[in-house]
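**Q** return atomic coordinates for the entry below.
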Amino acid sequence: MSTLTQQQRDQFWNDGVLTVKDAVTPELLFALRAQFAQWVKESRNQNASYGETVDGRPRFDLEPGHSARTPALRRVNSPADVSDAFFEAMAHSRMTDMVADLIGPNVKHHHNKINSKLPGATTQVKWHQDFCYTPHSNTDLVTALLMLDNVTEDNGPPETAPGSHKGPLYSLWHEDVFTGAVSDAEAEHMQTSAVKCVGEAGSVCLMHTCVAHGSAPNLSRRPRTLFIAVYSAADAMPCCPNPVPGKHQGLIVRGVDPKMIRASPFKVRLPEYPKGASFFVQQAGPNERSTA
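**A** Residues are numbered from 1 along each chain as shown. The predicted structure is shown next:
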């Protein structure tokens with residue numbers, strides 16, 4: 001039985017983005033929020049990114065300016081590796097069912113992370129397409145952004161350019177440097193049609209891997225925290241190393257492993273592998289940029 005209506009599925013494939021309420025139970029949402037609050041509390045005792053993921057990079061990424069008084073934990077890499085609640089949301093929630101409605105019946109997990117903009121944080125995400133960070137043999141990938149807080153017009157919501165998933169793949173390389181963002185001219189054009197993805201805590205914004213998107217800094221006094229889980233059709237094979245590797249990469253979360261590879265034609269320059277805690281080279285310091 002489908003979780004999404006036919007109208008919702010049609011909207012996703014037409015716009016490349018769909019926001020749906022109640023993607024997890026109230027009990028699970030409470031557990032997710034409590035876990036992240038604990039991590040923020042722990043971060044107050046740190047003065048640099050810390051922890052360790054499976055590839056040795058830090059799990060907890062602190063924004064410049066972080067302090068005990070004003071914590072700025074902006075990213076947690078692969079939280080499902082170290083939290084039962086986040087694993088449950090990634091693998092066994094209504095959110096997972098929604099993704100299966102779009103690219104199923106056979107779905108596997110690629111990576112997961114938390115992107116947070118605490119009050120006063122300056123982090124912004126420049127315009128890009130996720131597929132150019134994580135190219136696969138085909139484009140049946142969905143990025144699910146689960147809202148742990150109420151996401152509003154002014155606390156740095158995701159902004160998308162509806163329909164851009166039907167167009168070209170925009171390079172994240174400029175003058176032979178991997179910037180992690182589209183050109184300024186392309187970003188300006190995307191901004192003219194930008195639609196903000198807002199919703200109550202517990203809602204999910206489902207984005208096609210090729211839809212262009214970004215987000216502004218959090219200008220409010222309210223936090224904006226997203227649990228982001230990326231899924232692919234089970235017959236989509238990664239074309240480069242996972243930039244956010246975790247223990248559950250490749251886990252079949254719905255259906256079965258078809259033991260097949262499906263390929264579609266496209267051209268995209270391979271991304272650089274991140275050196276630091278941040279997945280986005282946009283946010284990395286000068287010593288965290290890959291030279292590959």
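
**Q** quick one: the closest residue to residue 271 other than its chain neighbours from residue 142, how far?
**A** Closest residue in space to residue 271, ignoring its immediate chain neighbours: residue 133 at 5.2 Å, by Cβ to Cβ, 6 or more residues apart in numbering. Any C-beta I mention is one placed from the backbone N, CA and C, and that applies to glycine too. Counting by Cβ to Cβ, to the nearest Å, the gap from residue 133 to residue 142 is 14 Å.

**Q** read off the pLDDT value for residue 277.
**A** Looking at residue 277, its pLDDT is 69.

**Q** ok so, going back, what sits against the residue nearest to residue 271?
**A** 172, 180, 243, 271, 279 (Cβ atoms under 8 Å, 6 or more residues apart in numbering).

**Q** so which of those residues comes closest to residue 19?
**A** residue 279 (22.4 Å; Cβ to Cβ).

**Q** assign residue 95 to helix, strand or coil.
**A** helix (DSSP: H, G, I helix; E, B strand; the rest coil).

**Q** measure it to residue 213 for me?
**A** Taking Cβ to Cβ as the measure, residue 95 falls 18 Å from residue 213.

**Q** can you map out the strands along the stretch 51-200 of the chain?
**A** For the stretch 51-200 of the chain, the strands defined by DSSP state E, counting those that start in this stretch cover 60-62, 73-77, 107-117, 125-128, 141-147, 158-160, 173-174, 177-178, 195-196.

**Q** and the gap between the residue nearest to residue 204 when sequence neighbours are not counted and residue 200?
**A** Ranked by Cβ to Cβ, 6+ apart and with sequence neighbours excluded, the top spatial neighbour of residue 204 is residue 23, at 3.7 Å. As judged by Cβ to Cβ, residue 23 and residue 200 stand 11 Å apart.

**Q** more neighbours: the two, which one.
**A** Neighbour totals were compared for residue 23 and residue 200, and residue 23 leads with 28 against 12 (other Cβ atoms under 10 Å).

**Q** is it true that that one lies in a strand?
**A** No - applying three-state DSSP, one finds residue 23 to be coil, outside a strand.

**Q** what separation do you get for it and residue 127?
**A** 25 Å.

**Q** again with residue 274
**A** Residue 274 is 18 Å from residue 127, where distance means Cβ to Cβ.

**Q** pop out the phi and psi values for the nearest residue to residue 240 once chain neighbours are set aside.
**A** Setting aside the residues directly before and after it, residue 240 is nearest to residue 270 in space (Cβ to Cβ, 6+ apart), at 5.2 Å. Backbone dihedrals for residue 270, given as degrees, to the nearest 10, come out at phi -60, psi 140.
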